[in-house]
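Student: Here you go, sequence then predicted model.
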Amino acid sequence: MTPPADVRTAVVDAHRREWARVLAATAHVARDLDLAEECVQEAYAAALAGWADDGIPDNPSAWLTTAAKRRAMDAVRRERTFRSKLPLLVEPEETEDQVAIDDPAAVEPEDVVPDERLRLIFMCCHPALAQEAQLALTLRLVCGVTTADIARALLVSESTMAARMTRAKKKISAARIPFRLPGAAELPDRLRAVLGVIHLLYTAGHTAPSGASLVRNDLVDQSLRLTGMLRELMPDEGEVRGLLALLLVTDARRATRVDADGRLLRLEDQDRSLWDRAAMAEAHDLIVGGLRGGRPGRYVLQAAIAALYAEAPSYDRTDWPQIVTLYDELLSVWPSPVVALNRTVAVSMVSGPAQALAEVAALEEDGRLARYPYLPAIKADLLHRLGRSEEASLAYRQALELTENDAEREFLAERLTGPRRA
């Protein structure tokens, strides 16, 4: 008998590391996302009992995949048997996209995507689905991000996000969207959605929407690995290189974003000597190539902005005017209110906090960032710099109400009660 605590630890670790791989293999057999997810959940539940009696397997992923696929095959065979007994139902002919259920080892004819998780992302990013549905489904099914955290990332309520995912699954079933890998010619059409998913995955890891830790290292590492695979798969795509550069230069600061006690450190308070210079150099080369290759896209521009922050000798010596210029260009290719809000930080350093505050006020009136905690947080900092302490306190309280991450909440509480740096 294996101790229950050891089994639970092994199952939790397998869930974090192997969920997407097991789900991808099972969906390939089940041809139905709900059925695949149910079978995978049953496999993990079976592991809790089975591993206690038989020991933790040497390859948990293979054990879980086999268990989940067997359940899926049994369910599909039951469904086929049921249908065969109802002659009034017309059974549609199998398409060439389908793989025989009795041959779970069958391989798609054009297997161009090398990783199961990346494959499942491309499958979920089918053009028949709305972009937000693509993002939500992939983050939930492939990356294991909770519905609540996806809702926070996309600035909608949890109930709205749950409804969107349900509709997306129903559309996949009703439209008979095939569970197959896209061919090489189809990859570019799905690339924008795939890049968006991986970027959101990194964002959810870089600053966890909820929980005790500021960073979720597993999500950060997964997004970096997936982007590296994408670069190998599509080496000539500028936005793939741009996303990789953005992730590298941003992640170069990972070790300095909190202090020894886990408290959040602002960019100006971080020890720049500890930043990953090799990652920054790799990002720099990718950015230079992207800026020289014609009009840059959103990820190249975001990476260029992040690089200006990272490569400055100190926070005060950052090239703020150039950052504002890059934000203006970014807004022209990606007119996002989040980009406009981030731009106000640089504007405050160039034109003063009053000008930036006016732009924040316009974004408040717009309403699209009503659930976004960084809007009142930035507003509070600007008000504090203008000496408007009571208004700043109110804005800090608003930010606290919208923030679920413990490290960020502690930082905001300190700013509210008495910031360490005036």
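Tutor: Received, thanks.
Student: From here on, just use CA atoms for contacts and neighbour counts.
Tutor: Fine.
Student: Residue ranges in the stretch 101-250 of the chain under the pLDDT threshold?
Tutor: Judged by pLDDT under 70, the stretch 101-250 of the chain has its weakly predicted residues at 101-116, 178-181.
Student: what about the strands in this structure?
Tutor: Defined through DSSP state E, the strands belonging to the chain, from first to last, are 210-211, 404-405.
Student: Report all helices and strands that the last one contacts.
Tutor: Packing partners of strand 404-405 (3 or more CA pairs under 8 Å, 6 or more residues apart in numbering; DSSP states H and E): strand 210-211.
Student: again with the first one
Tutor: Contacts defined by 3+ CA pairs under 8 Å, 6+ apart place strand 210-211 against strand 404-405.
Student: Can you list the strands that the strand it packs on pairs with?
Tutor: Strand pairing for strand 404-405, using DSSP bridges, gives strand 210-211 (parallel).
Student: And the helices in the stretch 201-350 of the chain?
Tutor: With DSSP state H, counting those that start in this stretch as the definition, the stretch 201-350 of the chain shows helices at residue ranges 217-233, 238-251, 277-292, 298-311, 320-333, 337-351.
Student: what would the ones you listed look like in a markdown table with mean neighbour count and distance to residue 369?
Tutor: Formatted as a markdown table, the entries for those read as follows, by neighbours: other CA atoms under 10 Å; distance: least, CA to CA, whole Å:
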| stretch | mean neighbour count | distance to residue 369 |
| --- | --- | --- |
| helix 217-233 | 19 | 25 |
| helix 238-251 | 26 | 23 |
| helix 277-292 | 18 | 29 |
| helix 298-311 | 23 | 20 |
| helix 320-333 | 18 | 16 |
| helix 337-351 | 19 | 7 |
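Student: Now render those as JSON lines, adding distance to residue 150.
Tutor: Formatted as JSON lines, the entries for these read as follows, by distance: least, CA to CA, whole Å:
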{"stretch": "helix 217-233", "distance to residue 150": "13"}
{"stretch": "helix 238-251", "distance to residue 150": "19"}
{"stretch": "helix 277-292", "distance to residue 150": "28"}
{"stretch": "helix 298-311", "distance to residue 150": "21"}
{"stretch": "helix 320-333", "distance to residue 150": "24"}
{"stretch": "helix 337-351", "distance to residue 150": "16"}
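Student: between those helices, which one is nearest to residue 269?
Tutor: Proximity of the helices of the stretch 201-350 of the chain to residue 269 was assessed by CA to CA; the nearest stretch is helix 298-311, lying at 12.7 Å.
Student: Now do the closest one: which elements does it pack against?
Tutor: Going by 3+ CA pairs under 8 Å, 6+ apart, helix 298-311 lies up against helix 238-251, helix 277-292, helix 320-333.
Student: who touches residue 134 in this structure?
Tutor: Contacts here follow CA atoms under 8 Å, 6 or more residues apart in numbering; on that basis residue 134 touches 124-126, 168, 193, 197.
Student: what do you get for residue 160?
Tutor: residue 151.
Student: And it, how far from residue 236?
Tutor: Here the distance between residue 160 and residue 236 works out to 37 Å (CA to CA, to the nearest Å).
Student: from the contacts of residue 134, which ones fall inside helices?
Tutor: For the contacts of residue 134, membership in helices holds for 124, 168, 193, 197, with DSSP state H as the criterion.
Student: quick one: which of the contacts of residue 134 is most hemmed in?
Tutor: Highest neighbour count within these: residue 124, with 29 neighbours (other CA atoms under 10 Å).
Student: pretty sure it is touching residue 137, no?
Tutor: Yes: with contact defined as CA atoms under 8 Å, residue 124 and residue 137 form a contacting pair (6.7 Å).
Student: okay, now residue 58: neighbour count?
Tutor: 8.
Student: Just the pLDDT at it, thanks.
Tutor: We have a pLDDT of 91 for residue 58.
Student: Now it: phi and psi?
Tutor: Backbone torsions of residue 58, given as degrees, to the nearest 10, read phi -70, psi -30.
Student: again with residue 128
Tutor: The phi and psi torsions at residue 128 (degrees, to the nearest 10) take the values phi -70, psi -20.
Student: How many residues are close by it?
Tutor: If you count neighbours by other CA under 10 Å, residue 128 ends up with 13.
Student: do the same with the one 4 residues further on
Tutor: Residue 132 sits with 18 neighbouring residues when counted by other CA under 10 Å.
Student: For the remainder of this discussion, apply numbering that starts at 37.
Tutor: With 37 as the first residue, the last one maps to residue 168.
Student: Report the contact partners of it.
Tutor: Counting by CA under 8 Å, 6+ apart, there are no residues that residue 168 touches.
Student: What distance do you get for it to residue 414?
Tutor: From residue 168 over to residue 414 the distance is 26 Å, taken as CA to CA.
Student: tell me the centre residue of this structure?
Tutor: When the chain is reduced to its mean C-alpha position, the nearest residue by CA atoms, centre = their mean turns out to be residue 237, at 1.3 Å.
Student: In this model residue 253 seems to touch that residue, though I could be wrong.
Tutor: No: look at residue 237 against residue 253 with CA under 8 Å: they stay out of range, at 11.2 Å.
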